[in-house]
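Asker: Quick one, fold the following:
(one chain, ligands or ions: 1)
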Amino acid sequence: MEISLQHNNESAVLELIRSGRLPHTIILEGGEKEERDSAALLLAAGAVCREENPPCLSCNPCRKVLDGVHPDVFRPEPSKNLKSGILSLKDLRDSYLAQMSIRPNEADCKVYIFSDADKLLREDSQNALLKTIEEPPQSLYFIFNVQSAKSLLLTVRSRAHIMTLRREEIKNEDTEATAVALIDGIVSLYEYDLLHTLFTLSDKEGLSEALRVLTDKLRQALSFYSGVMTDDPSVKKLTRKLDRRRVIALIEITNEAVNKLKTNVNTQLLTTWLSSQYRRITWQK
Ligand SMILES: [Zn+2]
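Answerer: The predicted model follows:
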């Protein structure tokens, strides 16, 4: 399998491995499923690689992990007789728990990767693993992959190192430039200018970052009316074109948009709505 991880997450995983204190129970949350699986493979390779800076990803053990054939890296799958992606307690016991105390085949340790762990492991199975997780032998590592760690039992969570995969942060200059472009759009006579900038922000995180910086600038404009000077040309532009009442309304509507972004809203519908709200506030009498 190819390792597909954003640079920031890859660095975080490598840092954890190379700290020399790889936690025996790790919950990988956040990101896409593919990324969590990649991170888990990287961790597993880190645990079995014997080269100087593990994982080297080119030695024999590393390659076996990536190819999914390392005899000490286990990826428990749902029980065949159950439809819903669940590993039955019986199968967990018979196929995995019973073998955990047996020495590893090739490496110094065994790694168990539970993908979609919240679906795979029902409460009874998570409880069955607890005892081992509580006092893991040196030779055992557990990796639980889930969208949110909260979907696992608190007792499991509290004994695990939780690692959250994050989106790479958008470069600050880009966000700043976008916020400035949004201000230009807001004060522009032409609705197209605003819509154009909003439509370039098709992903939620980029949009919400830009709106956060915009809110910051709007607040600075508000302070300007209370006598606080500003050097920021985009803030000056706002204060030249808009009065206090309008700036307050812009802050409120921007906040509303940021909150909507936290829900399952369609980004394009949101930007269209936001554009019309900005126009209404800016150009109403
Ligand atoms: Zn290696």
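Asker: use CA for all of it now, contacts and neighbours both
Answerer: Noted.
Asker: Spell out which residues make up each domain of this protein.
Answerer: 7-165, 172-283 (automatic domain parsing).
Asker: Quick check: closest non-adjacent residue to residue 92.
Answerer: Of all residues beyond its chain neighbours, the one nearest residue 92 is residue 125 (7.1 Å), with distances taken as CA to CA, 6 or more residues apart in numbering.
Asker: In the helix or strand harbouring the one you found, which residues are buried?
Answerer: Taking DSSP states H and E as the criterion, residue 125 maps to helix 123-134. Across helix 123-134, burial judged by 16 or more other CA atoms under 10 Å covers 125, 126, 127, 128, 129, 130, 132, 133.
Asker: following it, which helix or strand shows up next?
Answerer: Next along the chain after helix 123-134, taking DSSP H and E as the criterion, comes strand 140-145.
Asker: quick one: residue 139 from residue 25, how far?
Answerer: 12 Å (CA to CA, to the nearest Å).
Asker: Of those two, which one has the most company?
Answerer: residue 25 (23 against 17; other CA atoms under 10 Å).
Asker: Could you check the pLDDT of residue 276?
Answerer: Per-residue confidence (pLDDT) for residue 276: 93.
Asker: what does the helix ranked longest in the chain rub up against?
Answerer: Counting residues, the longest helix found in the chain (DSSP state H) is helix 204-225. Contacts of helix 204-225 from elsewhere in the structure, counted by CA atoms under 8 Å, 6 or more residues apart in numbering, are 170, 175-176, 178-180, 182-183, 198, 201, 229-230, 234-236, 238-239, 244, 247-248, 250-251, 254-255, 258, 261, 267.
Asker: Filter those down to the buried ones.
Answerer: Those of those that meet the buried threshold are 175-176, 178-180, 182-183, 198, 201, 234-236, 238-239, 244, 247-248, 250-251, 254-255, 258, 261, 267, by 16+ other CA under 10 Å.
Asker: Among these, which lie within helices?
Answerer: In this view, the buried ones among the contacts of helix 204-225 that belong to helices under DSSP H are 175-176, 178-180, 182-183, 198, 234-236, 238-239, 244, 247-248, 250-251, 254-255, 258, 261, 267.
Asker: Now narrow those to whatever sits close to the ion.
Answerer: Residues of those in contact with the ion (CA under 5 Å from the ion): none.
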